[in-house]
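J.: how would this look folded up:
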Amino acid sequence: RKIDFVVRDHGYDPQKAVAAYAEVGPRSAAIPQIIGSPMTIALKSRLEGDKMLSIPQAWSHTLLGSKYIQVTSTTYDLDMVNGIDFLMRTKGIKKGDTIGHLVLEGDYGESALAGSKWAAQKAGLTLVDQKVKATDADMTAQVGAFKRANAKAILVSVSPKQAASLVG
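T.: From the prediction side, this is the model:
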């Protein structure tokens, strides 16, 4: 069989992902890499209706349960549960402490936040979350909020640009 690889850039825009799928979906056997939870969720009903195997670069717990969307790693919520466990076992975070979570609005961040909220409650931690939009670039206000809350650690579920601003 001859295999042609077709690549389309959705620019992290669900509407562009839907348009790209309309173009390539009818002539595809599988979509091996859809980047981003928002795009995968926007395509979910089409993927399932077309019985199109997809292996997204997205690990939101909301993608679980679909026969056609194969989540190949731990989900964002479990990553945060594991992260809080790691902080408590190895970094001195203890019951009663406050931790922060910088969260990108949308499915990626909300999935991660579900895990951090659950784990913080179970561990007796106070969780302070700061939500940002995909277009936000300066995290100064969020850092200030974490400082005022005396956060001992900060969980990060944002874009690389926003993570760099947070660390800076």
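
J.: And the strands in this structure?
T.: Along the chain, counting by DSSP state E, strands occupy 30-31, 53-54, 98-104, 126-132, 154-157.

J.: Now the ones you listed in JSON lines, please, with extra columns for mean neighbour count.
T.: From N, CA and C alone the C-beta is placed, and that goes for glycine too. Shown next, in JSON lines, are those (neighbours: other C-beta atoms under 10 Å):
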{"stretch": "strand 30-31", "mean neighbour count": "18"}
{"stretch": "strand 53-54", "mean neighbour count": "20"}
{"stretch": "strand 98-104", "mean neighbour count": "23"}
{"stretch": "strand 126-132", "mean neighbour count": "19"}
{"stretch": "strand 154-157", "mean neighbour count": "20"}
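
J.: which residues touch the nearest residue to Val18 once chain neighbours are set aside?
T.: Nearest residue to Val18, sequence neighbours excluded (C-beta to C-beta, 6 or more residues apart in numbering): Ala42, at 5.5 Å. Contact analysis of Ala42 by C-beta atoms under 8 Å, 6 or more residues apart in numbering lists 14-15, 17-18.

J.: Out of the residues you listed, who's the most crowded?
T.: Ala17 (23 neighbours; other C-beta atoms under 10 Å).
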